[in-house]
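# My questions are about this predicted structure, shown below with the sequence.
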Amino acid sequence: MENRIKEIIKEKGYSMIEFAEVLGVTRQTLHSIIKEPSSPTLEKLSKALNVPVWQFFASPDEVKSIVCPHCGKEIHIKIE
């Protein structure tokens, strides 16, 4: 998850230092937050980056379709 959060920060055009400033923390604190985020911290990060929390766990490309564990059919997901 740590790498995915860093990817999103970069995708949004921030350096780690710039994003730390957005959050009002030091770069070192940001690294600590990203390394072991709590649930409330994930919510704050998602709001600051304007992405849903689930994107910290998988990219949109990874979840475009999944297989139903019950029937085995592919489920296509439209991501806006």
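Nice, thanks for sending it over.

# contacting residues for the residue nearest the centre of the chain?
The residue at the geometric middle of the chain, judged as the C-alpha nearest the mean C-alpha position with Cα atoms, centre = their mean, is residue 56 (2.5 Å). Contact analysis of residue 56 by Cβ atoms under 8 Å, 6 or more residues apart in numbering lists 1, 4-5, 8, 37, 42, 45-46. Backbone N, C-alpha and C define where each C-beta goes, glycine included.

# Please repeat the previous calculation with a cut-off of 10 Å.
Contacts for residue 56 (Cβ atoms under 10 Å, 6 or more residues apart in numbering) come out as 1-2, 4-5, 7-8, 34, 37, 42, 45-46, 49.

# ok, and the most crowded of those residues?
residue 5 (23 neighbours; other Cβ atoms under 10 Å).

# So what does it have for phi and psi?
phi -60, psi -40 (degrees, to the nearest 10).

# so it makes contact with residue 14?
No. Contact between residue 5 and residue 14 fails when scored by Cβ atoms under 10 Å: they sit 11.4 Å apart.

# what touches both of the two?
Common neighbours of residue 5 and residue 14, counting by Cβ under 10 Å, 6+ apart, are residue 49.

# This completes my enquiry, with thanks.
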